[in-house]
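# Sequence below, structure please.
(one chain, ligands or ions: 2)
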Amino acid sequence: MYDWLNALPKAELHLHLEGSLEPELLFALAERNKIALPWNDVETLRKAYAFNNLQEFLDLYYKGADVLRTSQDFYDLTWAYLLRCKAQNVIHTEPFFDPQTHTDRGVPFEVVLNGIAAALKDGEQQLGITNGLILSFLRHLSEAEAEKTLDQALPFRDAFVAVGLDSSEMGHPPSKFQRVFDRARHEGFLTVAHAGEEGPPEYIWEAIDLLKIQRIDHGVRAIEDERLMQRIIDEQIPLTVCPLSNTKLCVFDDMAQHNILDMLERGVKVTVNSDDPAYFGGYVTENFHALYTSLGMTQDQAKRLAQNSLDARLVKP
Ligand SMILES: Nc1ncnc2[nH]cnc12
Ligand SMILES: [Zn+2]
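Ligands and ions are numbered 1, 2, ... in the order given. Sure thing, here's the model as predicted:
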C-alpha cells in the first residue's frame with residue numbers, strides 16, 4: 001500500500017519550510033555557519049522530538065531555525081523539501097514560511113525570500129513541481145508586527161500567493177489580525193489561517209468570517225460544532241489536515257481516534273499534509289500510510305483525499 005500511496009499524484013497544502021529542516025541538515029548548517037548547538041549529535045536532537053502540545057514543539061522549532069542564516073541556507077532547506085516532494089509524487093506544493101522567525105534575529109527579509117524563491121523556481125524548472133508560496137504571520141506577536149512584515153513583503157508581492165497565520169493558537173484568535181488581513185486582501189493576496197488545531201471552533205468561525213480565508217489549516221476541532229460543520233460542507237471550505245502532526249502534538253491521543261475519514265465521509269473537503277515533517281515522523285506519503293494502518297483508509301478514500309488536495313490549490317494549473 002505504501003508504494004501505491006506514494007505513486008498517487010497529490011498536492012501538499014500545509015507545510016512549514018522551517019519544519020522540513022531535518023536534523024542532519026540542521027547540523028550541517030550549524031557547522032557551515034559556525035553556530036554552537038545545545039545537542040551533541042543528530043541522535044540526541046531526534047530524541048528531543050517528544051512533545052505534549054503545540055507550544056513544546058514550537059519552542060524547539062524556533063531554536064532549530066536559528067541555524068538558517070544565508071540565502072544559500074534557505075535554498076538548501078527548500079531544495080531538500082522539493083526532492084522529497086519529487087520522491088513522493090507531490091506535483092504541487094503551497095508551502096509556508098515565517099519571515100518573523102528570521103527577521104527578529106537579524107536575518108533580512110530578502111535574504112530569506114531570495115533563497116526560498118530561487119529553490120522554488122528551480123523546483124518548477126528541473127523537477128516539474130509547481131508552487132505557491134504563503135507568507136505566514138506569527139500570531140503570538142502583535143498585529144503591529146504583522147503589519148510591519150506585510151510592509152516588508154509588498155516590494156516582493158509577486159513571490160507570494162497568500163498570507164497565513166500560525167504559531168501558538170490559544171489566546172491568539174484570528175480576530176487579533178483582522179486589520180492586517182483586510183489590508184493583505186486589498187493588496188491582492190489570498191488568505192489562509194491555522195484554526196481549530198488546539199483552539200476552539202470559535203476561532204474557525206473567526207477565520208472564515210473575519211479573515212475571509214480560502215482554506216482552514218488543521219480545523220479538526222470543527223467537528224465539535226454542528227453548525228460550523230454544515231457551513232464548511234455547504235461552502236466546501238477545504239481543511240488542510242496533518243494527521244502525524246496531530247498525534248505528535250497530542251491533539252488526538254492516538255491515530256485510531258483521528259477524525260479525518262469521518263469528516264471525509266460527511267462531505268468535508270479534507271486534505272492530507274505533513275505540517276513539519278522533520279519533527280513529526282514523515283512526509284505526505286507517511287501521513288497517508290498512517291491513515292491506512294490505523295484507520296483502515298481504503299484506496300477509494302485515498303484517491304478522494306488526493307483529489308481534494310488538487311482541487312483545493314490556490315494556484316490553479
Ligand atoms: N502545526 C503548527 N501549528 C501552528 N504553528 C505552526 N508552526 C509550525 N507548525 C505549526
Ligand atoms: Zn502548520
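# residues from the chain in reach of ligand 1?
Residues of the chain lying near ligand 1 by C-beta under 6 Å from any ligand atom: His16, Gly19, Leu54, Tyr61, Asp166, Ser167, His194, Glu197, Ser245, Asp275, Asp276. C-beta: built from backbone N, CA, C; applies to glycine.
# pLDDT, neighbour count and secondary structure for those - can I get that in JSON lines?
Shown next, in JSON lines, are the residues of the chain next to ligand 1 (pLDDT from 0 to 100; neighbours: other C-beta atoms under 10 Å; DSSP: H, G, I helix; E, B strand; the rest coil):
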{"residue": "His16", "pLDDT": "98", "neighbour count": "26", "secondary structure": "strand"}
{"residue": "Gly19", "pLDDT": "98", "neighbour count": "24", "secondary structure": "helix"}
{"residue": "Leu54", "pLDDT": "95", "neighbour count": "24", "secondary structure": "helix"}
{"residue": "Tyr61", "pLDDT": "96", "neighbour count": "21", "secondary structure": "helix"}
{"residue": "Asp166", "pLDDT": "98", "neighbour count": "26", "secondary structure": "strand"}
{"residue": "Ser167", "pLDDT": "97", "neighbour count": "20", "secondary structure": "coil"}
{"residue": "His194", "pLDDT": "98", "neighbour count": "29", "secondary structure": "strand"}
{"residue": "Glu197", "pLDDT": "98", "neighbour count": "24", "secondary structure": "coil"}
{"residue": "Ser245", "pLDDT": "98", "neighbour count": "27", "secondary structure": "helix"}
{"residue": "Asp275", "pLDDT": "98", "neighbour count": "29", "secondary structure": "strand"}
{"residue": "Asp276", "pLDDT": "98", "neighbour count": "25", "secondary structure": "coil"}
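# now the strands for the stretch 201-317 of the chain?
Ranges of strands within the stretch 201-317 of the chain are 215-218, 239-241, 270-272, based on DSSP state E, counting those that start in this stretch.
# want to throw these into TSV with mean neighbour count, distance to Met1 and mean pLDDT?
Shown next, in TSV, are the strands of the stretch 201-317 of the chain (neighbours: other C-beta atoms under 10 Å; distance: least, C-beta to C-beta, whole Å; pLDDT from 0 to 100):
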stretch	mean neighbour count	distance to Met1	mean pLDDT
strand 215-218	27	25	98
strand 239-241	28	19	98
strand 270-272	27	14	99
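# contacting residues for the closest residue to Ala36 other than its chain neighbours?
Leaving aside its sequence neighbours, Ala36 sits nearest to Ala30 (C-beta to C-beta, 6 or more residues apart in numbering; 7.6 Å). By C-beta atoms under 8 Å, 6 or more residues apart in numbering, Ala30 lies in contact with Ala36, Leu37, Val67.
# quick one, what contacts whatever residue of the stretch 151-300 of the chain ends up closest to ligand 1?
Residue nearest to ligand 1 within the stretch 151-300 of the chain: Asp166 (3.5 Å; C-beta to the nearest ligand atom). Contacts for Asp166 (C-beta under 8 Å, 6+ apart) come out as His16, Phe96, Asp98, Ser136, Phe137, Leu138, Arg139, His194, Asp217.
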